[in-house]
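**Q** kindly generate the corresponding structure for this input.
(one chain, ligands or ions: 1)
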Amino acid sequence: QDIHKYSGIVEDCCCDYETVDHLNEEVLHPLLQELVKTPFCRYFKVKLWCDCPFWPDDGMCRLRDCSVCECPENEFPESFKKPFHNGLSSDDLVCQEGKPQAAVDRTLDTKAFRGWVEIDNPWTSDDETDNAEMTYVNLQLNPERYTGFTGPSARRIWDAIYTENCPKYPSGEFCQEKRILYKLISGLHSSISIHLAADYLLDEATNLWGQNITLMHDRVLRYPDRVGNLYFTFLFVLRAATKAADYLEQAEYETGNPGEDLKTQSLMRQLLYNPKLQAACPLPFDEAKLWKGQSGPELKQQVQTQFKNISALMDCVGCEKCRLWGKLQVLGLGTALKILFSVDGQDHMGQTLQLQRNEVIALMNLLNRLSESVKIVHETCPKIVEGPSCP
Ligand code: FAD
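**A** I've put the predicted structure just below:
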């Protein structure tokens, strides 16, 4: 019985569902799974204890699995502890004049990487240059899974995100810019729901963990738009990573373990310059189409402010592990937005891309989470034989 019948182009993207599934299965998922295990990618710097700026903390989490295991000082790479050198040269600070304002530049400076820098992300609320109270977390020891974080406190976050910061676009809304933030958040929400349903506490008494397909179906799979938004978000983040390929290829992946570090670089290269990806889906998302009209800059400003609010809401997530993955994935999305929309020569006068190490770690881990979710959807849909099925 062919229930897995969603097809056609992913809305607002440039590739179809079948191609995404195929590429993910064959190329992206295996490479990303390896990449996130490397020492470079597995230690994430995060400020876990912050007061919620919007309401008193009411965090409720039932399970021990809610708490995050932080790294002892001697575990994470020595090079991560050193202060960054400022890679800016005076040339970088000079505006490049003469670029035609209207021209669309889809490229980034090919000699972009000049060392890791401390630079704030204009799309997120955490000050990425502020190292106070930051801890390192080994992501491999803190998987995103069911935590028991539920009820009004979880609801309140999602409600605040959707109602105040990215309302669902009205049907017939043709302005892609207005749809984009909602779709990114909805895609992330789908991915979080899929992960918690894929690694669910089935029986508390015996501590039995496994897949809860009914929950996955009820929360995500029976809604074609939620599945579509997941694929959209995956392609959007993939486009950001491949757009920054030259930068990421030249970046330093040093963690004090030369063998592992070479492997990180090689995996990055295989992923970002993948011939199969370039042949089947060369432009997963076309950012050059956006912000072009007269109100473009204003719209972009509006979306940036909304995204910053969403980022600040992560401090209100009352379950430590959910907050960790919420912060990481929102920083990953903020990094994708920064790559696609803050640096493109179009309205930033030739500003070159500069990323923090932590932004790259967030971006690649987010891409891996989305890739896992797409794979789970692809594999699970055919198993559902009752009900309204998958899209
Ligand atoms: P929720 O998932 O809370 O959804 C609330 C409402 O949002 C739904 O009723 C629906 O109207 C709408 N909605 C749902 N999905 C979508 C979508 N994809 N697109 C658009 N609208 C949608 N729980 C864990 O167990 N593990 C985690 O790691 C985890 N991480 C979290 C991270 C964050 C940032 C947040 C805010 C919550 C996290 N949670 C996590 C909690 C989890 O997301 C749910 O809130 C919780 O399981 C309760 O689910 P629910 O059925 O009430 O629906």
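
**Q** just the residues contacting the helix-or-strand element of the chain with minimal mean pLDDT, thanks.
**A** The weakest-scoring helix or strand in the chain, judged by mean pLDDT, DSSP states H and E, is helix 78-81 (a mean of 75). With contact meaning Cβ atoms under 8 Å, 6 or more residues apart in numbering, helix 78-81 is reached by 43, 45, 136, 254-256, 357. Glycine gets a C-beta too; all of them are placed from N, C-alpha and C.

**Q** nearest to H29 among those residues?
**A** Nearest to H29 among these is Y43, at 22.1 Å by Cβ to Cβ.

**Q** I'd like the distance between that closest one and E78.
**A** 11 Å (Cβ to Cβ, to the nearest Å).

**Q** past the least confident helix or strand of the chain, which element shows up next along the chain?
**A** strand 135-138 (DSSP states H and E).

**Q** flag every buried residue along the one helix or strand L299 maps to.
**A** Remark: L299 resides in helix 296-313, with elements defined by DSSP H and E. Across helix 296-313, burial judged by 16 or more other Cβ atoms under 10 Å covers 299-300, 303-304, 306-313.

**Q** for the helix or strand following it, name the packing helices and strands.
**A** Once helix 296-313 ends, the next helix or strand along the chain (criterion: DSSP H and E) is helix 320-337. The contact analysis (3 or more Cβ pairs under 8 Å, 6 or more residues apart in numbering; DSSP states H and E) places helix 320-337 against strand 43-46, helix 176-198, helix 224-243, helix 296-313, helix 357-380.

**Q** next, the angle from helix 320-337 to helix 224-243.
**A** Helix 320-337 and helix 224-243 are oriented at 60 degrees to each other (axes from the mean of the first three to the mean of the last three Cα atoms, to 10 degrees).

**Q** what residues does the protein put near the ligand?
**A** 144, 146-147, 149-150, 154-155, 157-158, 186, 189-190, 192-193, 196, 219, 226, 317, 321-322, 325-326 (Cβ under 6 Å from any ligand atom).

**Q** now these: which count as buried?
**A** Counted by 16+ other Cβ under 10 Å, these give 144, 146-147, 149, 154, 157, 186, 189-190, 192-193, 196, 219, 226, 317, 321-322, 325-326 as buried.

**Q** coming back round to it: redo the helices and strands packed on helix 320-337 as TSV? Include mean pLDDT.
**A** TSV is the format used below for the helices and strands packed on helix 320-337 (pLDDT from 0 to 100):
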stretch	mean pLDDT
strand 43-46	88
helix 176-198	93
helix 224-243	96
helix 296-313	88
helix 357-380	96
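
**Q** possible to save these as a markdown table with distance to P284?
**A** What follows is these, written out as a markdown table (distance: least, Cβ to Cβ, whole Å):
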| stretch | distance to P284 |
| --- | --- |
| strand 43-46 | 25 |
| helix 176-198 | 13 |
| helix 224-243 | 4 |
| helix 296-313 | 20 |
| helix 357-380 | 11 |
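
**Q** one step back: looking at Y43 and E78, which is more packed in?
**A** Remark: of Y43 and E78, Y43 carries more neighbours, 21 against 10, as counted by other Cβ atoms under 10 Å.

**Q** show me what that one is bridged to.
**A** N138 (DSSP bridges).

**Q** isn't it right up against T135?
**A** No: counting by Cβ atoms under 8 Å, Y43 sits too far from T135 to count as a contact (10.1 Å).

**Q** point out where the protein drops to low pLDDT.
**A** Segments of the chain classed as low confidence (criterion: pLDDT under 70) are 1-6, 57-71, 73, 82-115, 128-129, 131-132, 171-174, 343-351, 385-391.

**Q** give the contact list for the closest residue to E133 other than its chain neighbours.
**A** Counting by Cβ to Cβ, 6 or more residues apart in numbering, E133 lies nearest to K47, which is 5.3 Å off, once chain neighbours are set aside. Applying Cβ under 8 Å, 6+ apart to K47 gives the contacts 126, 130, 133-135, 327.

**Q** and of these, the nearest to the ligand?
**A** The ligand has its nearest neighbour among these in K327, at 8.3 Å by Cβ to the nearest ligand atom.
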